[in-house]
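1. give me a model of this one.
(one chain, ligands or ions: 1)
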Amino acid sequence: MNAIDIRNISKSFEDKTILHDINLTIEKGEFLTLLGPSGCGKTTLLRIIAGLEFPDTGRIQTLSGAFVDRDKEQFLPVAKRGLGYVFQDYGLWPHMSTYENIAFGLKQQKRPVSEIKQRVDEVLELVKLTGHDQKLPEKLSGGQKQRVSIARALAASPQIILLDEPLSNLDANLREELGLEIRQLTGEMGITCVNVTHDRREAQLLSDRIALMKDGYIHQLSNPTELFQKPASRWASEFLNAGNLLDGDLLKRERGEWLVPRTAFNLASDTDENALTMEVEDCLFLDDRFEIVASLNGHRVCLYSGQPYQKKQSIAVSLKDELLVKLS
Ligand SMILES: Nc1ncnc2c1ncn2[C@@H]1O[C@H](COP(=O)(O)OP(=O)(O)OP(=O)(O)O)[C@@H](O)[C@H]1O
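-> Numbers count the residues shown, from 1 in each chain. Alright, predicted model coming up:
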């Protein structure tokens, strides 16, 4: 079932086309990320979904009706779209307590006081902030502020939540922890999420599918594993940091450019005639594995290994053919 159906959306600013005929369907309960470099149009698309921008062409249909339809001149105002928002900079009212920030939208909807209290308590528990309800944002850490922002987005039980780089202001450990919590909470509630980021790790961590955007087009649309393992172009491989880009001659393979992921190397014996011989330039221990930087006929190659190597050591490796991608 499609929760959001985006058809033929285009947008220009001052004669410059920012979005070119975007078509995208997002399933109910799906977590979709718009990923791409600065200026590719991802925020403009999110703002069009939110109702903060008006597209030049196209329509957006949701399960609760049309958000916008240029042919029929329909436009549903922001406040009537029933969306939750989570912003990079939290978007909290500084003079309001945690409780008041979360209750704000429910008060606007004129819900009964007892119902508001119950709902705020529920979402505070979900985001693990019970007991922090009277604190002002300035008394909360970055992670806690983002939890308040998530609680506020969940409070009105929206069908759709829009997220604008929700993790980018947080430190690395917290980013992963909160990212997994957002995924779990929205997944359990069947909420459809559209997230915008230029951070490939954030996209990888959160998403069911990623729409990789370039110059106002969707360049590639797939699940994170496929996107990172089978990028559609050299540009996508480089943006995603998907691995080494090497010529077939160097790899004893067909000529042309190949993507060789860092996981695609196996230790081989020197006597294996297909083995590639490299000289180790550096060896770093990162996360739970060694990252080896080596030289293959003067070309820099990066690979993962379960064991360390010495600088200047010669190593023979074979390639896992199933992980190689021929780009050209
Ligand atoms: N209101 C506006 N008026 C004029 N130009 C705009 C407006 N909003 C966005 N743009 C331009 O549209 C282009 C795309 O902007 P957008 O914010 O959608 O990109 P983005 O991919 O989200 O980048 P970033 O990650 O830097 O926010 C940029 O060149 C931007 O300057």
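
2. centre of the chain to stretch 66-84, how far?
-> In terms of C-alpha atoms, centre = their mean, to the nearest Å, the centre of stretch 66-84 is found 25 Å from the chain centre.

3. next: stretch 32-39.
-> Here stretch 32-39 is found 7 Å from its chain centre; the criterion is C-alpha atoms, centre = their mean.

4. what's the end-to-end length of it?
-> 19 Å (C-alpha to C-alpha, to the nearest Å).

5. for the helix or strand containing Leu154, name the packing helices and strands.
-> Assigned by DSSP states H and E, Leu154 belongs to helix 142-155. Here helix 142-155 touches strand 83-87, helix 98-108, helix 113-126, helix 172-188, going by 3 or more C-beta pairs under 8 Å, 6 or more residues apart in numbering; DSSP states H and E. C-beta: built from backbone N, CA, C; applies to glycine.

6. out of those, nearest to the ligand?
-> strand 83-87 (12.4 Å; C-beta to the nearest ligand atom).

7. could the helices and strands packed on helix 142-155 be laid out in JSON lines, adding mean neighbour count and mean pLDDT?
-> JSON lines is the format used below for those (neighbours: other C-beta atoms under 10 Å; pLDDT from 0 to 100):
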{"stretch": "strand 83-87", "mean neighbour count": "20", "mean pLDDT": "92"}
{"stretch": "helix 98-108", "mean neighbour count": "19", "mean pLDDT": "94"}
{"stretch": "helix 113-126", "mean neighbour count": "15", "mean pLDDT": "94"}
{"stretch": "helix 172-188", "mean neighbour count": "16", "mean pLDDT": "91"}
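
8. distance to Pro37 added to the ones you listed, as TSV?
-> Below are those laid out as TSV (distance: least, C-beta to C-beta, whole Å):
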stretch	distance to Pro37
strand 83-87	20
helix 98-108	32
helix 113-126	34
helix 172-188	20
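
9. need the ones you listed in CSV (columns: distance to the ligand).
-> Converted to CSV, the helices and strands packed on helix 142-155 look like this (distance: least, C-beta to the nearest ligand atom, whole Å):
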stretch, distance to the ligand
strand 83-87, 12
helix 98-108, 25
helix 113-126, 28
helix 172-188, 17
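
10. those: which one's closest to Val194?
-> strand 83-87 (9.3 Å; C-beta to C-beta).

11. what's the local residue count around the closest residue to Gly91 other than its chain neighbours?
-> The shortest distance from Gly91 to any non-neighbouring residue, by C-beta to C-beta, 6 or more residues apart in numbering, is to Ser149 (6.2 Å). By the other C-beta atoms under 10 Å criterion, the neighbourhood of Ser149 contains 25 residues.
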